[in-house]
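K.L.:
What shape does this take:
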Amino acid sequence: MSRQIVVAGAGPGVGAAVAHRFGRDGYDVGLLARSADRLESLATELRETGATADWAPVDLTVRDDVAAAVARFGERTGRIDVLHFNPSAFTQADPLELTADQLLHDLELGVASMLTVVQAARPFLQAGARVLATGSRSADRPWAAAASLGVQKAGLRNLVAAVDSTLKNEGIRAATLTVNGTISEGSAFDPAHIADALYALAQTSSNDWRTTIPFDG
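P.N.:
As a prediction, the model looks like this:
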């Protein structure tokens, strides 16, 4: 039976690298992001490597659209083995400039939309399934110039831990990979290296599981 990964926030960096890494190992790949052109291009690249790929252009903050897209991916194979949550919002504003509305807007994408994705995927998650999220050192060391990012990543880490606690007795585990550096191609924090770490995390035994994993390059 085919294994499937759903990548929520399949942008050109980590999201695309994760799709390629799991696709190389035979996973069917479902892609979610706003840009239809970018998704179609990524799906074409994946198919050229022999992977099976499908996509849905959705705004991850539009709950009904996200839930319908995730359900369609799940119904195609009857299962979702890995759910990767990758998006975050970037607003360049320090705590004295950032408005409450801006913060809530960013949290809607960077944290709350994970609830929609996980709840939609739940009927298709079986024992051994993994819910993974791209974390950031900003959860521990906030960057004042983009104050909302640290709030998002700290909130995401907390939410992932709650998801893990809720599902672990069913053999479904959740974790964040905390990227302790600036993501950049050709560096120790190349998206491909991060994708490799997420792939390894997905294969980790439940007995060795931790909900927060550092990635230091």
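K.L.:
Return the distance of the residue sitting furthest away from the middle of the chain relative to Ala147.
P.N.:
Each residue of the chain has a distance to the centre, and by CA atoms, centre = their mean the biggest one is for Leu96: 29.6 Å. Using CB to CB, to the nearest Å, we find Leu96 at a distance of 9 Å from Ala147. (Each C-beta comes from the backbone N, C-alpha and C, glycine too.)
K.L.:
Quick check, Arg173 in contact with Ser165.
P.N.:
No: at 10.2 Å, Arg173 and Ser165 do not qualify as touching, with contact defined as CB atoms under 8 Å.
K.L.:
Which of these two has more residues huddled nearby?
P.N.:
Arg173 (23 against 11; other CB atoms under 10 Å).
K.L.:
Skipping adjacent residues, who's closest to the more buried one in space?
P.N.:
Trp209 (4.9 Å; CB to CB, 6 or more residues apart in numbering).
K.L.:
how about that neighbour, what does it touch?
P.N.:
164, 168, 173, 175 (CB atoms under 8 Å, 6 or more residues apart in numbering).
K.L.:
I only care about the residues you listed that end up buried; give me the ChimeraX line for that.
P.N.:
In ChimeraX, a selection of the buried entries from the contacts of Trp209 looks like this (16 or more other CB atoms under 10 Å):
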select :164,173,175
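K.L.:
In this structure, which helix is the longest?
P.N.:
helix 147-167 (DSSP state H).
K.L.:
What count of nearby residues applies to Leu167?
P.N.:
When neighbours are counted by other CB under 10 Å, Leu167 comes out with 18.
K.L.:
What of the one 4 residues further on?
P.N.:
When neighbours are defined as other CB under 10 Å, Gly171 has 12 of them.
K.L.:
if you skip the residues just before and after it, what's nearest to it?
P.N.:
Gly171's closest residue in space is Ala127 (CB to CB, 6+ apart), at 3.1 Å.
K.L.:
go on, Ser206?
P.N.:
That would be Arg173: by CB to CB, 6+ apart, it lies 5.6 Å from Ser206.
K.L.:
what's the answer for Ala10, then?
P.N.:
Using CB to CB, 6+ apart, the nearest residue to Ala10 is Leu31, at 4.1 Å.
K.L.:
Now do the SS call for the one you found.
P.N.:
strand (DSSP: H, G, I helix; E, B strand; the rest coil).
K.L.:
Surely Pro175 is within a helix?
P.N.:
You called it Pro, but residue 175 is Ala. No: going by three-state DSSP, the assignment for Ala175 is strand, not a helix.
K.L.:
Looks like it contacts Asp208 (just checking).
P.N.:
No: with contact defined as CB under 8 Å, Ala175 does not reach Asp208; the gap is 11.1 Å.
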